[in-house]
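Student: What would the 3D arrangement of this be:
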Amino acid sequence: MPPVGPLSIEERGQPPLVNYTLAMHVSMLVQNIVPQKTLSRIVRAATRWTWRPWKDFLIRRIVRAYRVDMSEAAQPDPHAYPSFNAFFTRALHAGARPLDGAAGAITCPADGRVSQAGRITEGRIVQAKGRTYSVAELLADEAAAATYRDGIFATLYLSPRDYHRVHMPLAGELIETVHVPGRLFSVAPTPVAEIPRLFARNERLVCHFQDEHGPFVLAMVGAMLVSGVTTVWSGPEIPPYARTIRRRDWRDRRIKLAQGAEMGRFEMGSTVIVLFPAGSLDPSLVPERTVRVGQKLGCC
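Tutor: Predicted coordinates:
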């Protein structure tokens with residue numbers, strides 16, 4: 001006779017997801033009550049500390065835990081970076097991310113994984129299974145949202161192992177940036193699946209561009225502990241954190257960026273969302289697929 005022991009969850013007749021669901025609710029509760037921006041400020045300072053034992057310790061932990069491929073970096077020696085943030089926003093060596101040269105190709109703006117991608121349906125974007133939010137919420141602009149009512153989108157999640165610079169999916173001229181205030185919920189897969197309208201609630205920088213085919217958007221979404229956003233045309237954009245919506249018109253500066261050119265970077269990881277008013281996406285862009293800068297996402 002087999003030994004008698006404690007009954008498993010399944011044997012007690014309880015669903016195996018009970019513990020997972022409880023942990024998920026606890027995580028969501030914590031995210032709602034912790035001082036998100038205070039913690040992000042602390043992390044920001046810690047990642048800029050240049051004391052060698054500290055920054056080397058952090059860099060080693062990330063390289064080992066996430067198996068970061070330093071052979072792709074312009075500076076492959078992890079100890080050569082003056083701070084953890086310098087390592088995290090590292091450049092790649094020339095040729096590390098070749099650009100798909102097909103005519104009309106929309107290229108991937110970031111390394112990471114596909115969170116969701118596809119058609120915008122009557123002005124709504126899929127966040128996760130069973131959850132959507134509106135383009136108007138994301139852009140904080142009803143009029144601008146009308147352009148993308150039946151367009152296409154791709155939401156790309158950057159993990160700690162990824163290259164954290166964001167590049168242009170098409171050549172374009174910068175028209176406007178909109179700094180939208182908000183929360184700093186985690187953008188990891190579980191919160192994205194559970195928190196309603198997460199990307200429309202988090203602090204973000206919405207960048208409007210214009211190319212020969214029309215307008216397009218890159219929205220750089222901040223997250224808990226990882227909320228720094230910098231652009232090539234103005235330097236640090238977030239923080240400071242916004243209290244009200246801040247719009248900046250850039251048309252008189254004539255800032256034009258080539259396809260594949262760097263347009264900004266995340267200080268720590270987060271999510272970038274791209275919107276186009278028309279076009280088609282590669283059907284293989286399913287959730288969790290790994291993507292890299294320069295590969296073809298679709299056609300405009």
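Student: How many residues are close by residue 239?
Tutor: Using other Cβ atoms under 10 Å, residue 239 is surrounded by 16 other residues. The way it works is simple: take the backbone N, C-alpha and C, and place the C-beta from them, glycine included.
Student: Go ahead and confirm it touches residue 227.
Tutor: Yes: at 6.9 Å, residue 239 counts as touching residue 227 under the criterion of Cβ atoms under 8 Å.
Student: Name the residues contacting each of those two.
Tutor: 40, 44 (Cβ atoms under 8 Å, 6 or more residues apart in numbering).
Student: Can you report how many residues neighbour the residue nearest to residue 244 when sequence neighbours are not counted?
Tutor: Closest residue to residue 244 apart from its sequence neighbours, by Cβ to Cβ, 6 or more residues apart in numbering: residue 181 at 6.6 Å. Residues lying near residue 181 (other Cβ under 10 Å) number 15.
Student: ok, now residue 90?
Tutor: Residue 90: 21 neighbours (other Cβ under 10 Å).
Student: for residue 225, same thing?
Tutor: Counted with other Cβ under 10 Å, residue 225 comes out at 19.
Student: quick one: the closest residue in space to it that isn't next to it in sequence and residue 290, what's the gap?
Tutor: Residue nearest to residue 225 in three dimensions, not counting chain neighbours: residue 43, with 4.6 Å by Cβ to Cβ, 6+ apart. Counting by Cβ to Cβ, to the nearest Å, the gap from residue 43 to residue 290 is 26 Å.
Student: could you list every residue that touches the residue lying closest to residue 282 once chain neighbours are set aside?
Tutor: Among residues not flanking residue 282 along the chain, residue 298 sits closest, at 5.4 Å (Cβ to Cβ, 6+ apart). Neighbouring residues of residue 298 by Cβ under 8 Å, 6+ apart: 105-106, 152, 279-282, 285.
Student: how about the strands of the stretch 201-300 of the chain, start to end?
Tutor: 204-211, 214-221, 228-231, 235-238, 246-249, 256-257, 262-267, 271-276, 280-281, 290-291, 296-299 (DSSP state E, counting those that start in this stretch).
Student: I'd like to know which of those is closest to residue 96.
Tutor: Closest approach to residue 96 among those (Cβ to Cβ): strand 262-267, 12.7 Å.
Student: For the closest one, give the mean pLDDT please.
Tutor: For strand 262-267, the mean pLDDT works out to 94.
Student: ditto for stretch 218-226
Tutor: For stretch 218-226, the mean confidence score works out to 86.
Student: now swap in stretch 103-113 and tell me
Tutor: For stretch 103-113, the mean pLDDT works out to 95.
Student: tally of neighbours for residue 244?
Tutor: 7.
Student: mind listing what residue 233 touches?
Tutor: 174, 250, 253, 255.
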